[in-house]
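Novice: Quick one: sequence plus predicted model below, questions after.
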Amino acid sequence: MSEGAKAAPTSSTPRRPRAARYSVDIGRPWPLGATADRHGVNFAVHAPGAERVEVCLFAAGDSETARLSLPSFTAGTWHGHVKGLKPGQRYGLRVHGPYDPAKGQRFNPAKLLIDPYAKALDRPVLGDDLQFGYELGHDDEDFAVSNVDNGSSAPKAIVVRSRFDWEDDTYPHVPPAKTVFYEMHVKGFTQTLQGVPEHLRGTYAGLGSEAAVSYLKELGVTSIELLPVQAFVDDKRLVDAGLANYWGYNTIAFFAPEPRYAAERGDGGTDEFKAMVKALHAAGIEVILDVVYNHTAEGNHLGPTLSLKGIDNAAYYRLSPEDPRFYVDYTGTGNTVDTSSPAALRLVLDSLRYWVTEMHVDGFRFDLACALGRDVAGAFTHRASFFAAVAQDPVLSRVKLIAEPWDLGPDGYQVGGFPDGWMEWNGRYRDVVRDYWRGADSSLPSFAACLCGSADLLEARRRPATDSVNIVTVHDGFTLADLVSYNEKHNEANQEDSRDGENHNRSWNCGAEGPTDDPGILDLRQRQMRNFLATLFVSHGTPLLLGGDENARTQNGNNNGYCQDSPLSWYDWDEAQKHADQRGFTQSLIALRRELPTLRTAPANSDMTGCVGVHWHSVWGLPMTPEEWDDPLARCVAALMDTDAGHGAALVLFNASGEEATFTLPKEDQTRAWAVRADTRTAEVPPPQAPTVPSAGQYVLPPHSMAILTATNPDTLP
């Protein structure tokens with residue numbers, strides 16, 4: 001035993017319930033987790049470093065009725081079959097072995113653990129003192145092992161054997177070029193949505209209701225991207241502060257739906273989640289899950305012992321080579337799941353396949369995905385074992401795979417660096433588009449590159465523009481309304497003295513911080529929101545709309561609402577009715593994008609700037625010169641998006657300056673003119689009395705505005 005290590009609790013601590021009435025045989029080492037059959041339940045737990053694994057059974061009232069040792073050990077997996085058990089049985093694990101943090105060993109059978117392969121949990125996981133494997137407040141910190149049993153209060157896994165009838169459910173398989181993502185929160189979206197029955201608000205059933213599905217269908221989005229719905233933890237700090245983990249980026253059970261979103265918790269929400277997916281699929285809408293496999297809620301060496309840490313710490317996490325007591329932290333959360341380890345890699349892949357095959361989801365957005373793509377030495381590579389395993393998998397290689405392409409490790413910003421077949425949240429697009437519309441100097445060339453699908457990032461490996469998921473706002477940061485209303489974050493409600501959240505938001509309040517009655521400022525803010533929306537939907541790549549931005553949803557300047565399960569973060573549907581014009585504008589932009597392939601895909605021709613399918617012109621109607629591109633004060637440009645055949649062309653005029661700009665349209669032959677389809681000076685689409693302008697004609701844009709024109713027959717000219 002290393003210096004400072006304490007002896008692990010013995011199997012007699014806590015008291016062992018009698019188990020004579022259960023018959024346990026050797027069972028099978030696969031599949032991992034609890035698998036019900038006609039005769040009972042097979043349990044299999046991969047814990048290669050453990051000395052013994054017990055399955056603990058619980059009755060109503062959290063009374064532990066039996067503790068059954070798994071009798072067999074095969075290739076690192078403990079397993080056994082318990083005769084007579086049925087679906088619905090609640091259980092947990094106790095894992096025996098050395099408690100020696102200095103060697104990275106944290107076994108502690110006093111702590112009831114969540115099965116990593118649990119398909120359902122009986123309650124939300126809330127942080128408390130009993131979850132820690134060491135004595136809180138002890139001078140020896142995590143070297144002082146805790147012998148206090150937490151079985152009565154710990155969350156329990158539920159044995160699930162679903163008989164859900166999918167009927168003729170089919171995956172929508174929306175092509176990337178036609179995809180419009182909508183990032184949303186199950187509870188936040190449905191909590192006050194009219195038409196959703198009161199008892200279903202904030203739940204999977206609420207999101208699958210006719211009112212919710214109809215809204216999404218009418219808006220025109222094709223694929224909803226749900227903030228984390230795998231079971232997660234409200235850590236102790238938040239619970240003590242009276243807050244909650246609203247976003248859910250603190251996962252603890254990779255197979256289980258988060259039970260707090262279940263209207264009926266008998267099976268932990270499993271069938272309710274399936275019914276939600278089925279309803280969305282019937283409307284042609286894909287369901288994408290935001291998944292957190294880069295870390296778990298067990299935190300660093302001083303974090304709780306909830307699952308993997310107590311099952312086999314060294315088999316699942318990256319431990320410091322210099323001192324295995326500590327964790328390698330590429331995520332900023334205290335630990336990193338080690339997908340270079342076969343055990344952790346299998347866990348993640350099995351979870352992904354389960355959500356596709358059993359729960360029928362259509363893809364995944366991977367939080368801090370760079371952490372998953374690191375080799376044994378910790379270097380990021382697009383040939384990492386995780387990427388290779390996904391690429392050859394016949395199930396996973398066919399769904400949408402979206403990376404958040406950064407983490408906190410070395411070379412952690414990898415926008416454009418992911419393998420073929422992966423889409424990426426484009427953080428550079430967000431930053432550049434924000435800079436352009438707030439009037440930053442020298443922003444025009446980068447803005448043009450982003451409008452072209454960020455070809456400069458993707459072309460080297462011949463990746464398509466659709467791999468760029470274009471974002472202006474997402475859950476993490478200001479909403480669109482706040483982006484044009486606040487220069488500074490206002491996170492006082494988070495109780496962290498506003499130390500949390502991004503400081504450099506690239507926002508512009510348009511002349512006043514927060515709410516104002518100034519009509520000029522309010523008009524400018526409305527115009528700026530329309531500018532961002534219009535830019536998003538005319539850019540090559542795949543657009544992602546933050547849920548609620550179509551209704552000017554505000555968080556009152558809070559740019560980090562991760563802990564705000566409250567009206568601050570919920571969608572205010574009463575307030576949304578006041579912004580029906582912006583919602584209609586958004587719907588029209590999505591419809592226009594669907595109508596015009598040139599806004600979605602880039603044809604083979606290109607001009608001298610290297611922007612595929614886009615030709616750039618100055619306000620004079622002439623091709624942009626190098627000197628004009630290099631002018632740091634340039635704010636105006638026209639983008640001609642054309643197909644090889646010359647049909648379905650679009651001309652987009654941008655004026656990010658504070659002055660009116662008169663554009664001369666590029667001179668074309670007399671076979672087409674230009675119809676105005678959107679002008680951000682107004683939310684009406686097409687604008688009232690929209691003109692049709694001939695080639696080489698003029699069009700005037702007010703300050704901070706843009707217009708979208710499409711090619712039409714010159715016979716329509718007045």
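Specialist: Okay, I see it.
Novice: partner residues bridging Val41?
Specialist: Ala36, Val82 (DSSP bridges).
Novice: Name the secondary structure element that contains the closest residue to Glu492 other than its chain neighbours.
Specialist: In space, and not counting its chain neighbours, Glu492 is closest to Ser498: 6.1 Å by C-beta to C-beta, 6 or more residues apart in numbering. Every C-beta, even on glycine, is put in place using the N, C-alpha and C of the backbone. Under DSSP states H and E, no helix or strand contains Ser498.
Novice: just Leu280 next, same as before
Specialist: Going by DSSP H and E, Leu280 is in helix 270-282.
Novice: counting contacts, what elements does that helix pack onto?
Specialist: Here helix 270-282 touches helix 204-207, helix 210-219, strand 251-257, strand 286-291, going by 3 or more C-beta pairs under 8 Å, 6 or more residues apart in numbering; DSSP states H and E.
Novice: can you tell me which of these comes nearest to Ala66?
Specialist: Taking C-beta to C-beta, strand 251-257 is the member of those nearest to Ala66, at 22.2 Å.
Novice: just how off-centre is stretch 656-676 within its chain?
Specialist: Centroid separation for stretch 656-676 versus its chain: 39 Å, with C-alpha atoms, centre = their mean, to the nearest Å.
Novice: mean confidence for that stretch?
Specialist: Stretch 656-676 shows a mean pLDDT of 89.
Novice: Could you list the buried residues of it?
Specialist: Of all the residues in stretch 656-676, those buried under the rule 16 or more other C-beta atoms under 10 Å are 656-657, 661, 663-666, 668, 672-676.
Novice: Would you pull up how far the helix holding Leu280 lies from the middle of the chain?
Specialist: 19 Å.
Novice: buried stuff in the helix or strand of the chain with the lowest mean pLDDT?
Specialist: For the chain, the helix or strand with the lowest mean confidence is helix 455-458, at a mean of 89 (criterion: mean pLDDT, DSSP states H and E). Under the neighbour-count criterion of 16+ other C-beta under 10 Å, helix 455-458 has 455, 457-458 buried.
Novice: now swap in stretch 248-256 and tell me
Specialist: Buried residues in stretch 248-256 (16+ other C-beta under 10 Å): 248-256.
Novice: just stretch 200-218 next, same as before
Specialist: 200-209, 211-213, 215-216.
Novice: Same check on stretch 286-302?
Specialist: Under 16+ other C-beta under 10 Å, the buried positions of stretch 286-302 are 286-299, 301.
Novice: got the CA positions of the helix holding Leu280 in CSV?
Specialist: Only the C-alpha atoms of helix 270-282 are listed here, as CSV (Å, rounded to 0.1, in the frame of the first residue of the first chain):
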residue,chain,number,x,y,z
THR,A,270,-37.3,5.3,-22.4
ASP,A,271,-40.5,4.7,-24.2
GLU,A,272,-41.6,8.3,-23.9
PHE,A,273,-38.3,9.4,-25.6
LYS,A,274,-39.0,6.9,-28.4
ALA,A,275,-42.5,8.2,-28.9
MET,A,276,-41.1,11.7,-29.2
VAL,A,277,-38.7,10.6,-31.9
LYS,A,278,-41.4,8.8,-33.7
ALA,A,279,-43.6,11.9,-33.8
LEU,A,280,-40.8,14.1,-35.1
HIS,A,281,-39.9,11.5,-37.7
ALA,A,282,-43.5,11.4,-38.9
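Novice: I figured Pro87 was touching Ala36, is that so?
Specialist: Yes - Pro87 is within contact range of Ala36, at 4.9 Å (criterion: C-beta atoms under 8 Å).
Novice: and for these two, which residues touch both?
Specialist: 159-161 (C-beta atoms under 8 Å, 6 or more residues apart in numbering).
Novice: Mind giving me the PyMOL select for those, buried ones only?
Specialist: Applying 16+ other C-beta under 10 Å to the shared contacts of Pro87 and Ala36, the buried members can be selected in PyMOL as follows:
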select buried, resi 159+160
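Novice: Just to be sure, which of the shared contacts of Pro87 and Ala36 are found in strands?
Specialist: If you go by DSSP state E, the shared contacts of Pro87 and Ala36 have nothing in strands.
Novice: Going by distance to Thr712, which of the shared contacts of Pro87 and Ala36 wins?
Specialist: For the shared contacts of Pro87 and Ala36, the nearest to Thr712 is Val160 (57.3 Å; C-beta to C-beta).
Novice: Which element, helix or strand, includes the closest residue to that closest one other than its chain neighbours?
Specialist: Leaving aside its sequence neighbours, Val160 sits nearest to Lys119 (C-beta to C-beta, 6+ apart; 4.0 Å). Assigned by DSSP H and E, Lys119 belongs to no helix or strand.
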